[in-house]
Structures are given as C-alpha cells and as structure tokens.
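Engineer: got a predicted model here, sequence first, then my questions.
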Protein chains: 2
Amino acid sequence: MLNKTKTRALLTTAMALGVGVSTVAQGADPLPSWNDTARKKAIVNFVERTTKAGSAEFVPAAERIATFDNDGTLWAEQPMYFQAFFIFDRIRALAPQHPEWANKAPFSAVLKNDVKGALAGGEKALLEMAMATHAGMTSEEFEKIVTQWIATARHPKTGKLYTEMVYQPMLELLAYLRANGYRTYIVSGGGIEFMRPWAERVYGIPPEQVIGSSIKTKFELRNGKAVIVRLPELNFIDDKAGKPAAIQHHIGRRPRLAFGNSDGDQQMLEWTAAGSGLRFMGIVHHTDAQREWSYDRASHVGTLNQALDEGTAKGWTVVDMKTDWKRVFPYEK
Amino acid sequence: MLNKTKTRALLTTAMALGVGVSTVAQGADPLPSWNDTARKKAIVNFVERTTKAGSAEFVPAAERIATFDNDGTLWAEQPMYFQAFFIFDRIRALAPQHPEWANKAPFSAVLKNDVKGALAGGEKALLEMAMATHAGMTSEEFEKIVTQWIATARHPKTGKLYTEMVYQPMLELLAYLRANGYRTYIVSGGGIEFMRPWAERVYGIPPEQVIGSSIKTKFELRNGKAVIVRLPELNFIDDKAGKPAAIQHHIGRRPRLAFGNSDGDQQMLEWTAAGSGLRFMGIVHHTDAQREWSYDRASHVGTLNQALDEGTAKGWTVVDMKTDWKRVFPYEK
C-alpha cells in the first residue's frame, strides 16, 4: 500500500518528464510510513537480496513464505486482546438466553462491566468464556457473527473500529513483500475463524493463509444438509512452541521472514532463524506511549522479555515503534 | 498435462497453417486420456460455466478450490495403501535397532513377510506400526526418509515406482483445473508429511496444499537449534467426517469441486454439494480389472458403498474407469 498522495505526486512528475510508469513504481518508496532507519534498511536489504535474480541469496518464488503474528504485530492489543472484547460483547448479547450467568463467575462480572473481575480467573475463566461464545453454532453462523461484530464494535479508548487499529507500516510491509512474490501468512494465538472473516479485506491475507488457535468441530447432516458445528473443546493453541508446529502443519515450509512482538512469537522466530540461507526475524517493540502504548517485559498482554533478549543478542530486527514508524495507524494524518 | 505427442502434432500442424499458438492451446483437448463420455463432458461443462466471464455461475478466482482424495483417486491403492508398504519397509530397515520385534506382533509378522498376519490386528496394529516408523525423528529427517523411499521402492505387482502408478486422466484433470484458475488440494487419509515430499513433483500440488492425517509434533531446541520432533501420538485422522473439518481448518473455504473414490470421501462430497452455486462432486469407480483393479462395495481398501449409492442418487459424476479412461497409467502406451 503506497502512500497515495506521494504516489500521485511521483506519477505526475513522471508523466511530465515522460518517464515510464514502471520505472517510477520501482523508484517509489514501498514503505513510506517507515522512517529511514537501520530497520527499514534491513527489510529492504532482505527483500532485494532474496528476490533479485542472480543474487547469492535468491529464494525461488514458491519458497517465499512470510509469517506474521497478529495481536501487537499487525493490529493493537491493548488494553486487552481485541478478541476478548468480542467475547465480552457476545456474553452480553447471549445473556438473555443464559439467566444463570447473572450469578455465575466469570460471566456475572462481564455483565456488571467488571473487566478486572472477569479476567481474575485467569486462563481457565477466559477459556470458559471463549467456549461459551465461540461454540454451539455452525461455522457459517460463527462467520456471520464475527463479520457483524467487526463491522460495528469500537475500541473503548480510541473509538475506532478494531480493524482501523492496524499498523500502517505493517500494511505497507505486507504489500511490499507480496509485490516481491512473498506469500504472507498470519500465525496468531487468536482464533483462526475469528480472523478469517476480515483478514483478506484488512490485510490482504486470504482465509487459507490464516493460521490460529482453534476449537474442535464436528461434521453433521442437519435435515440432510452438511454443516460443520463448532464444539466447546480446545483443539490447538497457536502460541509459543505451538507456532512452529502449526506452520509446519499448515504450510509445510519454513518461513523466510517472520515478524512477532512477544515471547509468544519467540519459537516461530527461532524456527525461522534455524533455516538455511538468508532469513529475516523481526520484532515490533511497543515503545510509543504517545501514539500507541509502551510496554514490554512487565506487560500481561504481549509480554516481550526473553524474545527481546534473544533478538537483541542475535541481531534480529527489533523495530522501535517510536523511532522507526512515521505513522502508526492509517487514520493518523 | 497434455499428451505430449498429441500436443506436438497439433503445434506442428498449427505452425504449418500459420495459426497462433494460443488459439491452438484453446482448441487442444485438455483431457486427452478421457474418452468422450458424459463424465468428460460434465467436467468440461463445469469448468467452462464457472470460469467464463459473464457466466451466471461464474466463480471468482480466489474461490476456485478443488480438493482431491489421494489413495484410489490420484494414485492406486491395491493390494493395500502404498503408505502401508512404506511402513513395512521401514520396519525391515529399523529391525536391527529393535531386536524385540522378532517376537512381537505385528512387527514379527512383517519381518517374516507375512502381510496378512501383520494386518490381522486391524487398525490398532496398523497404528502401532505407523507410530513406530513415523515418529521419533525430526520433520526434516522424516522428509529425507520418505524422499529416499519413494524414489526407489517398487510396487509388488507392477514393478513400477509408486509415483508412476498415478492416474494419467487425473493428472490431466489437475492441470486442466489449474489452467483455469483452480487451486488443487489433496485431502487424504494418508499422512500429510508422507505426501508432501513428492506431491509437487508428481501432481504439481505444493506442500501448503496437501492436507492429510497427522501425528502430534513438538518444537524443541537441540544444541541451540530449533527442530520439530515427531511424536508417537495421533493428532488427526483425515477421513470421513474428518475431511470437511480439515478442509475448513486448513483452507477456510468450501471446495467448488471435490473428487474421491470411497466412503471415506462421502462427507467431503456432501460438504461440497451443500455449498451455493454450481459444484462438482466426482467419484472414481474402480471397474477395470484388466488395466487396474475392480472393486467397490466389498473391498477392504477403498470401500465404495454408501457414497456410490448417494452419488448415483444425486447425480454426482461417477467415473467408470473402464469406460471413461482411455489410458489409466502414464506408462501405458
């Protein structure tokens, strides 16, 4: 995604000079929202060395796989994962059918708008709420529910749609990689069917390139019609050591580039780094309390501690959001 | 994959007549190994109606998903699944490291070349042998083992490499679909990592479009290097009701065309049929004892019973191998 104003200006200049458009397209900055720092240079350097014919590090098109974490890497994740907002909204919507929730934690806390209380039960409570809201319907029904929610729900702090809180520099990176023959995948701890309904529109990433956590499903015939029913039982948690396993399972190829932002991405980055030839390991470091949020080692959401140490020690590309990004969100002027 | 001789003849004629090659390519029969029967017409009719701009049944390129069973649909499966031959060969190769196998069923039977005895223990015994031969190594080590085996092992009846025992008409169908913007997937009860090492070379189907049964894996660092270790524990059986679930999990789109040959494919075909718009459900019926094998309802391998009834009743395309296929294997003259 090129900055439109800039592209238009360049095109106008080019036409005035009688320069061919393809030359201009090559010359235009594919990453206009990135400041001209070492991190941006590392990205461009990696892409050029792996895609230029005759380069010693040339990678055949079929092997150009790039994997991205979602929460905190492609879109924001504060004050809590956006899928948790979805869970809470669904609990509110489903409450009339569940009178028992009024006195049953953690549901009762959600219904009293007590977020802290709702999350007090930790992973177990979150899982219980996830199952109560993500299962019990067909795959098609769930897709509709997500599609409707994502089109209307708004972030409590910014008032923006969640899909507006994506990182403009990362959108440009996705597009830049694709323009150079890379296939971009999401590999997220978030729900696979929670992301698929909007990932193509928002990120340009089609359903078959979305990998995430999942619950079990069951095929059945309902009045003779085949449906897939979502069951309240965990199938796979796509986090930490689960990420490389899921990449191997879904893609069967090792990424050439991987980007994450937390310790949940450490193993994906290690798996990528262990491949032969040139590889790119990137970490988004949330350092900008002004334009976004500033957090790392001590944060409960998106903890970045061990991966930060390893990335720093091994020379991975640790993006400093404050320094490296000219613009964070697309809606900023 | 066009019949080379025919293509070359057509091209020569075209050049002599001064006809443009693209016209000839359009006119050439994309399915030369299919006899001109109703089944062939059904395939061509489906592809044309779903891909011709302006057609009422036009399907956007992104949604052109075609899924194929492997055993008995793309390659042969008699007298037993080819992966079972792999298992037996691996047991023989590993026997020196397992002296206890000499007196332990089902391994002892394999080592005495007693196939019937080895399979007498049913699914449980087969699973035990699969785990003993498919787990305990890294994903990369397993890939090498499969690659080596598939390049050298030969079918006991034909003496051919297993990868030579693929169906020429189905290779043509895969190529024809891809030439029309369809992405071709394997959705097989066979092992996902057993198929990936050779599916691209043999079928033109890349690793990320291979779906199959799987065992659990574990990420770990060995001397600081990231590896994925294969564990002796089932993860997923991609058969019967598992097939539509796996399609949804891996692709997130419903197939427009699905092809199988047994009751193990029935649910995949039903899931495909339940989608809106034009869909194609195909079954390979093994009716040719002369050139291949003849079996259906009573066969233990590739049982085709309920799916045959349903396919016949609902007008799915049931391919009669004997009548519909001009040639079965590529090595036939």
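Structural biologist: Done, it's in. These figures come from a predicted structure and were not determined experimentally.
Engineer: can you pull out the strands in the stretch 1-150 of chain A?
Structural biologist: With DSSP state E, counting those that start in this stretch as the criterion, the stretch 1-150 of chain A has strands at A:65-68.
Engineer: show me what from chain A comes close to chain B.
Structural biologist: Counting by C-beta under 8 Å from any C-beta of the partner chain, chain A comes close to chain B at A:62, A:139, A:192-193, A:196, A:206-208, A:210, A:214, A:217-221, A:225-228, A:241-245, A:248-253, A:267, A:270-271, A:273-274. The C-beta positions use only the backbone N, C-alpha and C, and glycine is treated the same way.
Engineer: how is chain A carved up into domains?
Structural biologist: Residue ranges for the domains of chain A, per automatic domain parsing: A:1-30, A:31-78+A:161-324, A:82-152.
Engineer: now, of those, which is deepest in the fold?
Structural biologist: Of all these, domain A:31-78+A:161-324 has the most neighbours on average by mean count of other C-beta atoms under 10 Å in any protein chain shown, namely a mean of 20.
Engineer: ends of that domain, how far apart?
Structural biologist: One end of domain A:31-78+A:161-324 to the other measures 11 Å (C-alpha to C-alpha, to the nearest Å).
Engineer: likewise for stretch A:201-209?
Structural biologist: Termini of stretch A:201-209 sit 13 Å apart (C-alpha to C-alpha).
Engineer: quick one: contacts of it?
Structural biologist: A:74, A:163, A:166, A:171, A:174-175, A:178, A:183-186, A:196, A:199-200, B:62, B:208, B:250-253 (C-beta atoms under 8 Å, 6 or more residues apart in numbering or on different chains).
Engineer: out of the residues you listed, which are inside strands?
Structural biologist: A:183, A:184, A:185, A:186 (DSSP state E).
Engineer: what sits against the last one?
Structural biologist: Right, the one you point to is residue A:186. Residue A:186 sits in contact with A:67-70, A:74, A:195, A:199, A:203, A:205, A:209-212, where contact means C-beta under 8 Å, 6+ apart.
Engineer: could you list the low-pLDDT ranges of chain A?
Structural biologist: A:1-26 (pLDDT under 70).
Engineer: need the phi and psi values for the residue nearest to the spatial centre of it.
Structural biologist: Residue closest to the average C-alpha location in chain A (C-alpha atoms, centre = their mean): residue A:70, at 1.6 Å. Here is the backbone geometry of residue A:70 (degrees, to the nearest 10): phi -100, psi -70.
Engineer: secondary structure element for the closest residue to it other than its chain neighbours, which one?
Structural biologist: Nearest residue to residue A:70, sequence neighbours excluded (C-beta to C-beta, 6 or more residues apart in numbering or on different chains): residue A:188, at 3.7 Å. Residue A:188 is part of strand A:183-191 when elements are defined by DSSP states H and E.
Engineer: distance of residue A:320 from residue A:310?
Structural biologist: Residue A:320 sits 17 Å away from residue A:310, going by C-beta to C-beta, to the nearest Å.
Engineer: how about residue A:277?
Structural biologist: 20 Å.
Engineer: repeat that for residue A:126.
Structural biologist: 27 Å.
Engineer: pull the most distant pair out of the ones in strands among the contacts of stretch A:201-209.
Structural biologist: A:183 and A:186 (11.4 Å; C-beta to C-beta).
Engineer: which residue does the stretch 101-250 of chain A bring closest to chain B?
Structural biologist: residue A:207 (3.1 Å; C-beta to the nearest C-beta).
Engineer: need the nearest residue in space to that residue, chain neighbours excluded.
Structural biologist: Closest to residue A:207 by C-beta to C-beta, 6+ apart is residue B:252, at 3.1 Å.
Engineer: wait, that neighbour sits on residue A:197?
Structural biologist: No - contact criterion C-beta atoms under 8 Å: residue B:252 and residue A:197 do not qualify, at 9.3 Å.
Engineer: show me the helices in the stretch 151-300 of chain A, by range?
Structural biologist: Taking DSSP state H, counting those that start in this stretch as the criterion, the stretch 151-300 of chain A carries its helices at A:168-179, A:192-203, A:242-250, A:266-273.
Engineer: endpoints of stretch A:177-196, how far apart?
Structural biologist: Its start and end residues considered, stretch A:177-196 measures 20 Å (C-alpha to C-alpha).
Engineer: no no, stretch A:109-121
Structural biologist: 11 Å.
Engineer: just how off-centre is that stretch within its chain?
Structural biologist: Counting by C-alpha atoms, centre = their mean, to the nearest Å, stretch A:109-121 is centred 26 Å from the centre of its parent chain.
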